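*Asks:* Structure of the sequence below:
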Amino acid sequence: MKTFECGCMFETENDQIIYNPDITKLPLNCKATWDLICEGNTKGVFQLESQLGRSLAKQTAPSNMEELSDLIAIMRPGCLEAIVDKKSLTQHYIDRKHGRDPVEYFHPALQSMLSSTYGILVYQEQALLIARGIAGFDLQEADILRKAIGKKNVGLMTELKENFISKSEANKVVNREQAEEIFSWIEKSQRYSFNKSHSVSYAYNSYLTAYTKAHFPHEFFTSYLKNAIGKPDTYEEIQELVNNARIMDIDVRPPNIKNMNKNFKLLGEFPTFGMTDVKGVGGSVYDKMLECAVDSKIDVSKCDWNDFLIGFGSCIKVNAFEGLILCGALDCFNLKRSEMSHELQHFKELSKREVPWIQECKKRNKDFSLGQCINQMILENDWKDTKRPIYRKDRLHDLNSLIESLKNPGYHFDDSPSWLAQQEEKYLGIALTCTKIDEYDISNANCTCKEFVNGFNSTHGIAIAAQIEGVREWKIKNGKAKGQKMAFITISDSSCSLDNTVIFSEEWLKFKQHFKEGAVLLLRGSRDKKRNSFLIKSVHKIKNIV
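*Replies:* Numbers count the residues shown, from 1 in each chain. I've put the predicted structure just below:
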């Protein structure tokens, strides 16, 4: 047995590591896990995977389970929407936690009840502690208050108010005016306070998923990609997960027919798409492929392109077969995807009578291509035989045309990066092997999206060659530029995508016309020290070199 720094125990057999973590024994003080949360790297982490969750995890920077529970509670709409002194309770918590604002208490008696949340009423349980400590509520009265808060029972809360105020006066901890103010907080907390027992259990599950992501990232992404299939926003989920994996130096790969894995699977260190993760290739198609491999005695792991085309061409629907080609699942045959697609279309022009003969010809002549098999069929057809011929006479011209087109297609097979990326996006939800940017001269760029995420900076400025993925225009509400428009841009290159890109009003007015989705541009700017975003200062067109 061997103990790793993360605290898990692992068994080793013949120098092979077998992961065997016990989630009941995971350390709750794992630095790598807390660092991951504080960095906002929480895509896929329970309760924290949304854009809001990632942002608040970074701003709050929790370092223990108590603070992680607080983070989950202040993410609720009530805390976010409850405004006190022109700031949400969520922002008050963050500013007080990091010492930007002083921690103040309306009354000294409240300190013991609210100190863990920096003087802010966050949990329902805190309201109960206040009721007992300030008004002397017994357990039964406190339970009634709990029900009123939990069920947002305004009528019951009104009945409890006078009881709270009169008991507070009798308890002599606060005066009547102070009691009224304190109870008004409890009334308002109906809209936002969260049950701490729920929040703590949520926090524990958040920690477990963050721990998994920190220590088993390859398995983590494989599992989450597998579960992305079937969601209403499948492609968006896949894009975010693959982008996050790239930032963590994990290469997600397209499917490979040689592996024949049905769903996402970890192959070596690479989370890999499965056959049924390709658009148009469902479970029935996959099962049919397995059946066909057995019937035709084809070892997919060892066959070549012609074996696969002729052996599987009649059992896989043309749209599914096309999807396998264009997503990269058949790249193992070392042919251009456009060429394989061309030959598939020609195979599909064969009649039901001709296909079995072509397949039999291929078995007899292992090195034959599709064109050679068709030619052999023509040579061996005997019209004098009164038995059923291989093909009809009126098919001879068409078959000769197929042979000629296979030899001389009349155009070059050109798998341009932009075309490949477009096809992969269509069938997988994201481009994995190349991007449109690969067609452009990016020699004037000094930084990639991933390098920016990793902290790249330069006194000479930052220049990123990227594709525009999304544009969100925003009307400025405050400050000198109030009423003017700025924009938040999502950009990408072959390394990853970057969604914290900003262009302010002056530059937006000047360069707005260039920001069309799909455009490839050279963006020059700098790093915002406060928000760590990429601030665009100038925009330049890039020359296409393909």
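
*Asks:* check contacts around Met107.
*Replies:* Careful, residue 107 is His; it's not Met. Val173, Val174, Gln178, Ile182 (Cβ atoms under 8 Å, 6 or more residues apart in numbering). Where you see a C-beta, it was placed from the backbone N, CA and C, and this is true even at glycine.

*Asks:* can you give me the mean pLDDT across stretch 290-310?
*Replies:* Averaging pLDDT along stretch 290-310 gives 92.

*Asks:* May I have it as CSV, with CA atoms only?
*Replies:* Below are the C-alpha coordinates for stretch 290-310, written out as CSV (Å, rounded to 0.1, in the frame of the first residue of the first chain):
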residue,chain,number,x,y,z
LEU,A,290,-21.1,-5.2,-34.1
GLU,A,291,-23.5,-7.7,-35.7
CYS,A,292,-22.0,-6.9,-39.2
ALA,A,293,-18.4,-7.3,-37.9
VAL,A,294,-19.3,-10.8,-36.7
ASP,A,295,-21.3,-11.8,-39.8
SER,A,296,-18.6,-10.6,-42.2
LYS,A,297,-15.7,-11.8,-40.0
ILE,A,298,-14.0,-8.4,-40.1
ASP,A,299,-11.6,-7.4,-37.3
VAL,A,300,-12.2,-3.7,-37.2
SER,A,301,-9.0,-3.1,-35.2
LYS,A,302,-6.9,-4.5,-38.1
CYS,A,303,-8.9,-3.8,-41.3
ASP,A,304,-8.1,-1.1,-43.8
TRP,A,305,-10.4,1.5,-45.5
ASN,A,306,-11.5,-0.7,-48.3
ASP,A,307,-12.3,-3.6,-45.9
PHE,A,308,-14.4,-1.3,-43.8
LEU,A,309,-16.2,0.5,-46.7
ILE,A,310,-17.2,-2.7,-48.5
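
*Asks:* How about that stretch, which residues are buried there?
*Replies:* Cys292, Ala293, Ser296, Ile298, Val300, Cys303, Trp305, Asn306, Asp307, Phe308, Leu309, Ile310 (16 or more other Cβ atoms under 10 Å).

*Asks:* What is the nearest of the contacts of His107 to Leu68?
*Replies:* Ile182 (27.8 Å; Cβ to Cβ).

*Asks:* secondary structure element for the closest one?
*Replies:* Applying DSSP states H and E as the criterion places Ile182 in helix 176-189.

*Asks:* now that helix: how far from the chain's centre is it?
*Replies:* 44 Å (Cα atoms, centre = their mean, to the nearest Å).

*Asks:* Check stretch 125-145 too.
*Replies:* The answer for stretch 125-145 is 44 Å, by Cα atoms, centre = their mean.

*Asks:* Stretch 299-314 now?
*Replies:* 34 Å.

*Asks:* same deal with stretch 369-386?
*Replies:* 52 Å.

*Asks:* Need the CA coordinates for it. CSV is fine.
*Replies:* The C-alpha trace of stretch 369-386 is given here as CSV (Å, rounded to 0.1, in the frame of the first residue of the first chain):
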residue,chain,number,x,y,z
SER,A,369,-10.2,-1.4,-53.8
LEU,A,370,-13.9,-0.6,-54.5
GLY,A,371,-13.1,0.3,-58.1
GLN,A,372,-11.2,-2.9,-58.7
CYS,A,373,-14.1,-4.9,-57.3
ILE,A,374,-16.6,-3.2,-59.6
ASN,A,375,-14.3,-3.8,-62.5
GLN,A,376,-13.9,-7.5,-61.6
MET,A,377,-17.7,-7.8,-61.4
ILE,A,378,-18.0,-6.4,-65.0
LEU,A,379,-15.3,-8.8,-66.3
GLU,A,380,-16.9,-11.9,-64.6
ASN,A,381,-20.5,-11.2,-65.7
ASP,A,382,-21.7,-13.8,-68.2
TRP,A,383,-24.7,-12.7,-70.2
LYS,A,384,-24.9,-16.0,-72.0
ASP,A,385,-25.6,-17.7,-68.7
THR,A,386,-29.4,-18.2,-68.5
